[in-house]
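**Student:** Quick one, structure for this:
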Amino acid sequence: MFLRHAVPALLPAIAFAFPAHAQEEVAREPFRTRVTLGPQLIPSHPGSDKVSLRPFVDVTRARGKNEFEFEAPDESVGFPVLRTSGFSIGPALGFEGKRDADALGAPIHKVGFSVEAGAFVQTWIADSLRVRAEGRKGVTGHRAWTGSVSADYVARKGDDWLFSIGPRVTLSDTKYHRAYFGITSGDSAASGLLAHDPKGGVQAVGITAGYLHQLSPRWGIATYARYDRLTGDAAESPVARTLGSRDQFAGGIALSYTFGPRR
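**Tutor:** Residues are numbered from 1 along each chain as shown. As a prediction, the model looks like this:
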């Protein structure tokens, strides 16, 4: 009877003391930093049938012998600032290049360079399955809401290699759809294209696969490929059907270098 009551009473004290000691040990271990840099090709603008060359950049850190945390190759710039009940929450930052008449090949309204700021939430629903959602608001350029819901199956052998693959759903509001897929009456008169007034919703569905391989304790290689298919009002827009494409491709390859102590 004594043990039945005494042991549960002591557990909080034991649990409190042990993590504190463990955290102190971990805190003394130095960081490793992996910097990944290379080129990638992405659609020149939403609905385009052309691609543009952009930098493929990632920086991630791990303490001591811990594995580098998984990041999908196509997710927005961000990092967890809060971890609670199995969820991670943090800021998300995205970018979209400007679109003008030259890029379209038709006299249609331009959209300026867009910086998108927002947040993400993600959770692991199994040891190898991560689900993530993010929403971002354009603070320049299109000034609309966009975001995505994604899932990734992840297979890895520590930091030696990692493979991931999973579906993507891209969402955007009416303002975003009108910016990139709309044809105003003025656009129609200037270009001869039919006017198009799209509404917000699901913009595209797709899939992304990524692979990382450590070539040596310092050097590694990373690559990814992504395919999206425009849907709904975005797919029906003359921007995609006549001037561009409903099929959207992206991919990149990069070298990585790990700074800090070797594992």
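**Student:** tally of neighbours for residue 177?
**Tutor:** Residues lying near residue 177 (other CB atoms under 10 Å) number 25. Where you see a C-beta, it was placed from the backbone N, CA and C, and this is true even at glycine.
**Student:** can you check the one 3 residues further on too?
**Tutor:** A total of 25 residues lie near residue 180 under the criterion other CB under 10 Å.
**Student:** Surely it is in contact with residue 146?
**Tutor:** No. Residue 180 is beyond contact range of residue 146, at 9.7 Å (criterion: CB atoms under 8 Å).
**Student:** Need the residue closest to the centroid of the chain.
**Tutor:** residue 75 (0.9 Å; CA atoms, centre = their mean).
**Student:** Quick check: chain neighbours aside, which residue is closest to it?
**Tutor:** Nearest residue to residue 75 in three dimensions, chain neighbours excluded: residue 132, at 6.8 Å (CB to CB, 6 or more residues apart in numbering).
**Student:** Helices of this structure, start to end?
**Tutor:** All helices of the chain, identified by DSSP state H, fall at 2-27, 101-104, 174-181, 185-191, 232-236, 238-241.
**Student:** Just the buried positions in the fifth one, please.
**Tutor:** Just to be clear, that refers to helix 232-236. For helix 232-236, burial by neighbour count (16 or more other CB atoms under 10 Å) applies to 232-235.
**Student:** Next: the third one.
**Tutor:** Within helix 174-181, the residues that count as buried by 16+ other CB under 10 Å are 174, 176-181.
**Student:** again, but for the fourth one
**Tutor:** Using 16+ other CB under 10 Å as the burial criterion, the residues of helix 185-191 that qualify are 187, 191.
**Student:** How about residues contacting that helix?
**Tutor:** If you take CB atoms under 8 Å, 6 or more residues apart in numbering as the criterion, helix 185-191 is touched by 106-109, 183, 193-195.
**Student:** Give me the buried subset of those.
**Tutor:** Among the contacts of helix 185-191, those scoring as buried are 106, 108-109, 183, 193 (criterion: 16+ other CB under 10 Å).
**Student:** re earlier: quick check: the residue nearest to residue 75 touching residue 76?
**Tutor:** No. Residue 132 is not in contact with residue 76 according to CB under 8 Å; the separation is 9.8 Å.
**Student:** which non-adjacent residue is nearest residue 65?
**Tutor:** residue 263 is the one closest to residue 65 (CB to CB, 6+ apart), at 5.5 Å.
**Student:** List the contacts of that neighbour.
**Tutor:** Counting by CB under 8 Å, 6+ apart, residue 263 touches 32, 65, 159, 217.
**Student:** Repeat that for residue 217.
**Tutor:** By CB under 8 Å, 6+ apart, the neighbours of residue 217 are 258, 262-263.
**Student:** Give me the neighbour count for residue 204.
**Tutor:** Neighbour number of residue 204 under other CB under 10 Å is 23.
**Student:** Quick check: mean pLDDT of stretch 30-39?
**Tutor:** The average pLDDT within stretch 30-39 is 96.
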